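*Asks:* Sequence and predicted structure below; questions after.
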Amino acid sequence: MALRPTRVLVAAALVVALLGVAVPAAASPRPVPVCSPCDRGFTDAAYAHGMDVEIEHSTATMRVHRNGSATWTVENRLNDTAAATLARNDSLRRSLARDAIAIHDGTLHSTSVSGDTVRMRYRTPDVATDAPGGVLRVDYFRDDDGRLVRFGLGADRLTLVAPPGMVVGDALPGADVSSRRMTVTSFDSSGDGPFVTLVPDDAALAPLWSLVAVALPLVPIVGRNVLLFLVVPGAVFAGGFAVLARGARALDADATTTPDRRALAVVGVGVLAFAYPLYAGTVVVGSEPSLLAGGVGAVALGALLSLPAVRDQLSEWRLAGLVALASALAVATGLLLQASTLPDVNVVPLLLPLPVYAATLAGYTAAHTSLRRGLTVAVGTLLVVLATMFSIASQGGTLYVLAVTLAVFGALAAVVVGSPFFLLGYGLAD
């Protein structure tokens, strides 16, 4: 048998070592609008200077330079009293502006007042990065992992202007794009935030180079997430069943448990899921529709394999078909329950029992041919479930460490719950 139980220890060591990569993401980042001086950044700075300011309308122009910096022009229309006060006091106006742009690491260039509008010009570094094909990738709208998350636009209107000789490639969702200019009146802060690309105006393959520019920073993120959310839990899951297979072989000579009893144990797992409403207040293990659906699949699989007529005609492929049938029954039941009890239907939690059902096939192949054959299917099912639950392209956030921990302990839980299924499959060789 190629799989060794020591891989469980290796996987655990990987979790401990690699969680250090995720620890910085556990810090609680601040929600910051795209243009903080257009919004709370300005009003909070004014309040700190003893002023009560109301911004009635704000606009911002962000001129990106080829060196990656940007010059901002922010115009805030204020209530008359505040505008008059700032018009009379130049030092107060500049001090307030410096405080307002501090969160963006801005360097103030100038301030002025025209009527009831305060104008600020400042520069921010490192809003864009050079990418292959002469592309400038604007990362400014993305979350800064562990430091801040983008939340809202801040301004009533924001216009980004590309450097001379460049045009906007990939724009913000809902933006109005015209050659060098991109204008937005709202900002979608979902996920980690979008990329914006600026491409040479004579580039023949501009869409391709934009795609490359966006993909490059995602490569290490995806690699880290695949390792922590897929590879490590998958190794824990595989190692757990490798240990179980070794134990089953050691005890098999003296085993008196018949396939009927093992099938009854699987049915018992399903009945335990049915009874969840009775102990829901004591143990929290998931949502009720998902557990009930999982119970239906477990009862169906156990009941079918308790029939001698089914076992006598069993083969690896036929068992795989029964596992698929139980899975389909569980998902269909879950969808019906969700549709009748919940406002929205979500198929993702209904996939959770599938690796547990697939453990039956792993046990069967461990006894008949090779553990690797069935376990490959079971691990593949687990990876599909994990990939639907966790965003592989997300750089993480406040709960990143918790998410990794849940993925690993979820794999361990699947081994524990899947043990009766594995032993049922193993005993079908009798």
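*Replies:* It's in.
*Asks:* where exactly do the strands run in this protein?
*Replies:* Taking DSSP state E as the test, the strands found in the chain are 30-32, 55-64, 70-78, 107-114, 117-124, 128-131, 135-138, 148-150, 157-161, 166-168, 176-178, 181-184, 196-200.
*Asks:* pLDDT (mean, whole number) over the second one?
*Replies:* The predicted model assigns strand 55-64 a mean pLDDT of 94.
*Asks:* With mean neighbour count and distance to Val385 added, can I get the strands of the chain in JSON lines?
*Replies:* For every residue, glycine as well, the C-beta is placed using N, CA and C. Shown next, in JSON lines, are the strands of the chain (neighbours: other C-beta atoms under 10 Å; distance: least, C-beta to C-beta, whole Å):
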{"stretch": "strand 30-32", "mean neighbour count": "15", "distance to Val385": "31"}
{"stretch": "strand 55-64", "mean neighbour count": "19", "distance to Val385": "42"}
{"stretch": "strand 70-78", "mean neighbour count": "22", "distance to Val385": "42"}
{"stretch": "strand 107-114", "mean neighbour count": "15", "distance to Val385": "49"}
{"stretch": "strand 117-124", "mean neighbour count": "20", "distance to Val385": "42"}
{"stretch": "strand 128-131", "mean neighbour count": "18", "distance to Val385": "35"}
{"stretch": "strand 135-138", "mean neighbour count": "26", "distance to Val385": "33"}
{"stretch": "strand 148-150", "mean neighbour count": "20", "distance to Val385": "27"}
{"stretch": "strand 157-161", "mean neighbour count": "22", "distance to Val385": "40"}
{"stretch": "strand 166-168", "mean neighbour count": "22", "distance to Val385": "39"}
{"stretch": "strand 176-178", "mean neighbour count": "13", "distance to Val385": "39"}
{"stretch": "strand 181-184", "mean neighbour count": "19", "distance to Val385": "37"}
{"stretch": "strand 196-200", "mean neighbour count": "25", "distance to Val385": "34"}
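*Asks:* Same list, those strands, but as TSV with distance to Arg249 please.
*Replies:* Listed next are those as TSV, based on distance: least, C-beta to C-beta, whole Å:
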stretch	distance to Arg249
strand 30-32	55
strand 55-64	65
strand 70-78	65
strand 107-114	70
strand 117-124	64
strand 128-131	55
strand 135-138	55
strand 148-150	51
strand 157-161	65
strand 166-168	64
strand 176-178	65
strand 181-184	63
strand 196-200	57
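*Asks:* Compare the ones you listed and give me the one nearest Arg311.
*Replies:* Nearest to Arg311, of all the strands of the chain, is strand 148-150, at 55.3 Å by C-beta to C-beta.
*Asks:* Which strand residues bridge Val64?
*Replies:* Under DSSP bridges, the beta-bridge partners of Val64 are Ala70.
*Asks:* so which of the strands of the chain gets nearest Leu264?
*Replies:* Of all the strands of the chain, strand 148-150 comes closest under C-beta to C-beta, at 51.1 Å.
*Asks:* so which of the strands of the chain comes closest to Ala320?
*Replies:* Here strand 148-150 is closest among the strands of the chain (C-beta to C-beta), at 44.3 Å.
*Asks:* got the contact list for the closest one?
*Replies:* 29-34, 103, 141-143, 187, 189, 193, 397 (C-beta atoms under 8 Å, 6 or more residues apart in numbering).
*Asks:* Ok, stretch 85-100 next?
*Replies:* Residues outside stretch 85-100 that contact it (C-beta under 8 Å, 6+ apart): 36-37, 41-42, 44-46, 48-49, 51, 78, 108, 111, 113, 118, 120, 122.
*Asks:* just to revisit the earlier point, looking at the strands of the chain, which is nearest to Asp312?
*Replies:* For Asp312, the closest of the strands of the chain is strand 148-150, at 59.7 Å, according to C-beta to C-beta.
*Asks:* What mean pLDDT does that closest one get?
*Replies:* Per-residue scores along strand 148-150 average to 81.
*Asks:* what packs against the biggest helix by length in the chain?
*Replies:* Using DSSP state H to define each element, the chain has its longest helix at helix 400-427. Applying 3 or more C-beta pairs under 8 Å, 6 or more residues apart in numbering; DSSP states H and E, we find helix 400-427 packed against helix 6-22, helix 232-252, helix 259-274, helix 288-305, helix 354-368, helix 371-389.
*Asks:* Many thanks, we can stop here.
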